[in-house]
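K.L.:
The sequence isn't on hand, but the structure is:
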């Protein structure tokens, strides 16, 4: 048995994408749940009746069994912790969600860790300045960026080893921006543009069989033309058939933008009344240049054989410093995530119901069992894609973006009401993985996979290994 120790070091960030996007055989469960039995989720979630496996046996009282992979290969919860909780060792300050509710009442956080919004830091075109300057700046601060790459472009080839290691070594998210920054005026050309990029990313970056089902973010190459009208239902079918989803809610940063320009944009767009206050969204970059070597630069062409409007390295680094400031706006308001993390959390949260499975014992010794159940929400619960490609693989019914197996390893943040007298709570997942979380005003906030039963019991301060999830 792995002991829970006080204030154990929180694992370094591992992007959820690496661990969660590979589809496994079957769905997350197949026993229907009556939605009338489920607690209401946060505003904006529209959960359908969920699917869930049979309830597992409760672990022995007081024991936190060794963590084991879930039956369909999901990683331990600790593998999904991100920088939003790094250094969380003080007293939690979030406003209780369930203060007037009975013990056992639960609700899902609208965004991970209960943050009001979500920010993704995205880059297009896999430029050399991104590889040389943006990636190290992200690594050094424990931040994740999402890089929409062109694996067939010369600028990508010039930094190939850096891009190939970016995810494996440092947890960055790599996304599809077409193979050579092109479109396709025939079905075969379009299919090649997206398929070759996805295949490269899966094989060389994620170490997977290129034929594996894996959801990737996608952004059309700027200025490209396509045989289908982007935004049409036929286009949407084409994108879904390739296990891609398009980037939305994104705002580009102009060449020469300063740290203050970037801070002002995020504070305004993601703050009260901003365009991305609840939807979440992206701050979007292209080139990055070295202003020390090339004073006043605003284009990568001063250093590399490409023409990409750029921000200066120092300004970008100072902006990243602001993002990780533990007392700044981002710490209180933003979950900073990879683009696929963001998208998949939204899908899973919208399709998950949370309900009280039961209470055992009374008073301080009560044991709470909470069930999470997931089924694909509308509008993703669509008919199987019937798009058949003339290039490479043949796409058919099995290429359904609405397959629950593509999402069932994505953990959600859950709030559960516990007795006011508890100093901490031991949360044990159906897999047997257990963690001690601090309790705040009769409420525990924790991470759990969908389609399973979570057991919660009293813990002591010395059993806390995750002080609390997220800030504040």
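P.N.:
Yep, it's here. What you see is a predicted model, and the numbers here were worked out from it, not measured in a lab.
K.L.:
in the stretch 251-400 of the chain, which ranges drop under the pLDDT threshold?
P.N.:
Where the stretch 251-400 of the chain drops to pLDDT under 70, the residues are 378-400.
K.L.:
ok, 90 please
P.N.:
Where the stretch 251-400 of the chain drops to pLDDT under 90, the residues are 251-253, 275-281, 305-308, 326-329, 331-333, 340-341, 343-344, 346-348, 350-351, 374-400.
K.L.:
All the strands of it, residue numbers only.
P.N.:
281-285, 287-289, 310-312, 334-336, 352-360, 367-374 (DSSP state E, counting those that start in this stretch).
K.L.:
quick one: contacts for residue 280?
P.N.:
If you count contacts by CB atoms under 8 Å, 6 or more residues apart in numbering, residue 280 has them with 111, 117-120, 249, 270, 335, 342, 346. C-beta coordinates here come from the backbone N, C-alpha and C atoms, glycine included.
K.L.:
can you name the two of those residues that are farthest apart?
P.N.:
Within the contacts of residue 280, two members stand farthest from each other by CB to CB: 270 and 346, at 15.6 Å.
K.L.:
ok, the two, which is more surrounded?
P.N.:
residue 270 (24 against 19; other CB atoms under 10 Å).
K.L.:
Enumerate every residue touching the closest residue to residue 128 other than its chain neighbours.
P.N.:
Closest residue in space to residue 128, ignoring its immediate chain neighbours: residue 304 at 4.4 Å, by CB to CB, 6 or more residues apart in numbering. Residues in contact with residue 304 (CB under 8 Å, 6+ apart) are 127-129, 155, 158.
K.L.:
which helix in this structure runs the most residues?
P.N.:
Longest helix in the chain by number of residues (criterion: DSSP state H): helix 187-200.
K.L.:
For that one, the averaged confidence score.
P.N.:
Averaged over helix 187-200, pLDDT sits at 94.
K.L.:
List the contacts of it.
P.N.:
Residues contacting helix 187-200 (CB under 8 Å, 6+ apart): 149-152, 176-180, 182-184, 210, 214, 216, 218, 221, 226-228, 238-239, 242-244, 389-393.
K.L.:
I figured residue 137 hits residue 316, correct?
P.N.:
Yes - judged on CB atoms under 8 Å, residue 137 makes contact with residue 316 at a distance of 6.2 Å.
K.L.:
neighbour count winner among the two?
P.N.:
residue 316 (26 against 20).
K.L.:
Relative to residue 154, how far out is the more buried one?
P.N.:
Distance from residue 316 to residue 154, counting by CB to CB, to the nearest Å: 23 Å.
K.L.:
any idea where the helices of this protein begin and end?
P.N.:
Residue ranges of the helices in the chain, as given by DSSP H, are 16-20, 128-129, 135-141, 154-157, 160-170, 187-200, 233-241, 259-269, 313-323, 329-333, 339-350.
K.L.:
right, and the ones you listed - which one's nearest residue 438?
P.N.:
Closest to residue 438 of these is helix 329-333 (CB to CB; 17.6 Å).
K.L.:
how about the closest one: buried residues?
P.N.:
Of all the residues in helix 329-333, those buried under the rule 16 or more other CB atoms under 10 Å are 330-331, 333.
K.L.:
now swap in stretch 255-275 and tell me
P.N.:
For stretch 255-275, by 16+ other CB under 10 Å, it's 255-259, 262-263, 265-266, 269-270, 274.
K.L.:
which one of those is nearest residue 429?
P.N.:
Closest to residue 429, out of all of the buried residues of stretch 255-275 and judged by CB to CB, is residue 270, at 31.4 Å.
K.L.:
Wait, that closest one touches residue 283, no?
P.N.:
No - applying CB under 8 Å as the test, residue 270 and residue 283 come out as separate, 9.1 Å apart.
K.L.:
Overlap in contacts, the two.
P.N.:
residue 119.
K.L.:
what sits against residue 342?
P.N.:
Here residue 342 is in contact with 118, 120, 280, 335 (criterion: CB under 8 Å, 6+ apart).
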